[in-house]
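**Q** Model the following, please.
(one chain, ligands or ions: 1)
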Amino acid sequence: MRYEGNLYRPPSEARSLIIQATIGCSHNQCTFCSMYKDKQFRIRSLEEIMEDLETAKKQFPKVERIFLADGNALALKTEKLKEILLKIKELFPECQRVSIYSGPKDILRKSLDELKTLNELGLSIAYLGIESGSDNILTKINKGVTAQEITEAGKKIMASGIKLSATIISGLGSKENWEEHALASAKVASEINPDYLALLTLLVQPGTKLYEDVNSGKFQLLTPKEVLKETKVFIENLDLDNCVFRSNHASNYVTLAGTLSQEQDKLLNTIESALEDEGDNFIKEEGFRRL
Ligand code: SF4
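**A** Model prediction:
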């Protein structure tokens, strides 16, 4: 296996074989993101990807999960993705799921029929960073897409049969726009109604534009209790059907997990308890938060 640079994968892919279909992220301009700053984006050749799969077969005869990285591996042409999925079926017939990082524009570039075909060939989960549902905030973080485009992309994945795991980042609206962030993000998430919804908490990484803005005072970070207040408004305004909600990432101050909207009250009670606790016993210390 020839991995290039640092590898990133969602926490739920901890047991997956990672195959780099792309190197880096084709956008690579979000102000908060440091993940692929050291990489020049490129799509790997089919030969390289196939070689990695063959090598993996020799090292790991049984592979049940495969994650296609880097940043937005769905940027690959559909024909190429089809060949990769067919090769996975041939080499690892026991593989139960193939998942992928996807960007909104890459999803929108594919037709619904193309996405359905990829699903039929084994692509089972797409990870999509919504980050925020507010156009104002999406512009500030330089996400390169509108809330409408993200909504359309998310809905398209849902319609294709591929399961959708979406993420939103708490704190991304700063002190100035926290409420707008909570309300607009709840609206977009509710419209998409993803299978899985993760709420991460903003971590400021050195080397990013956001890091400079925080240091210069241009961007004001929320305190842990302000993050919880924002989370409360976000959850109160979600209207989801059978969505697995998780806010249990290493970046989060308080662990939340439940099925929404069925367990909305349980999550809100947990937040309320943490907000009322003057000793901050429920809140993870800053030094223990990480990406
Ligand atoms: S957040 Fe996603 S789209 Fe934005 S630069 Fe990072 S990997 Fe690329």
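**Q** going forward, measure contacts between C-alpha atoms and count neighbours the same way
**A** Fine.
**Q** Just give the nearest non-adjacent residue to whatever residue of the stretch 101-250 of the chain ends up closest to the ligand, would you?
**A** Nearest residue of the stretch 101-250 of the chain to the ligand: K143, at 6.0 Å (Cα to the nearest ligand atom). Of all residues not flanking K143 in the chain, C30 sits nearest, at 5.2 Å (Cα to Cα, 6 or more residues apart in numbering).
**Q** For K140, see how far away the one you found is.
**A** 9 Å (Cα to Cα, to the nearest Å).
**Q** Surely F92 touches R65?
**A** No - in this structure F92 lies outside contact range of R65 using Cα atoms under 8 Å: 9.4 Å.
**Q** Assumed K187 was part of a strand.
**A** No - if the criterion is DSSP: H, G, I helix; E, B strand; the rest coil, then K187 is helix and not within a strand.
**Q** Pull the contacting residues for A75.
**A** When contacts are counted by Cα atoms under 8 Å, 6 or more residues apart in numbering, A75 touches S102, G103, D106.
**Q** so the last one sits right up against G71, yeah?
**A** Right, the one you point to is D106. No - assessed by Cα under 8 Å, D106 is found out of contact with G71, at 11.2 Å.
**Q** Would you mind telling me which of these two has more residues around it?
**A** Neighbours were counted for D106 and for G71 using other Cα atoms under 10 Å; G71 has more, 26 against 16.
**Q** any chance of the contacts of A75 in JSON lines, with distance to Q220 and pLDDT too?
**A** As requested, the contacts of A75 are arranged in JSON lines below (distance: Cα to Cα, whole Å; pLDDT from 0 to 100):
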{"residue": "S102", "distance to Q220": "29", "pLDDT": "96"}
{"residue": "G103", "distance to Q220": "27", "pLDDT": "95"}
{"residue": "D106", "distance to Q220": "32", "pLDDT": "96"}
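**Q** could I get those residues as CSV with secondary structure?
**A** Output for these, formatted as CSV (three-state DSSP):
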residue, secondary structure
S102, strand
G103, coil
D106, helix
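**Q** Overlap of the contact sets of C30 and K140?
**A** Contacts common to C30 and K140, judged by Cα under 8 Å, 6+ apart, are absent.
**Q** How about the residues of the stretch 101-250 of the chain by the ligand?
**A** Contact residues, the stretch 101-250 of the chain versus the ligand (Cα under 6 Å from any ligand atom): K143.
**Q** Run through the strands of the stretch 101-250 of the chain in chain order.
**A** 123-131, 163-170, 196-201, 243-247 (DSSP state E, counting those that start in this stretch).
**Q** Pick out the residue of the stretch 1-150 of the chain closest to the ligand.
**A** N28 (3.5 Å).
**Q** How about the contacts made by that residue?
**A** N28 neighbours (Cα under 8 Å, 6+ apart): Y36, K37.
**Q** Name the SS class of the residue nearest to C25 when sequence neighbours are not counted, please.
**A** Residue nearest to C25 in three dimensions, not counting chain neighbours: G71, with 4.3 Å by Cα to Cα, 6+ apart. Classification of G71 by three-state DSSP places it in coil.
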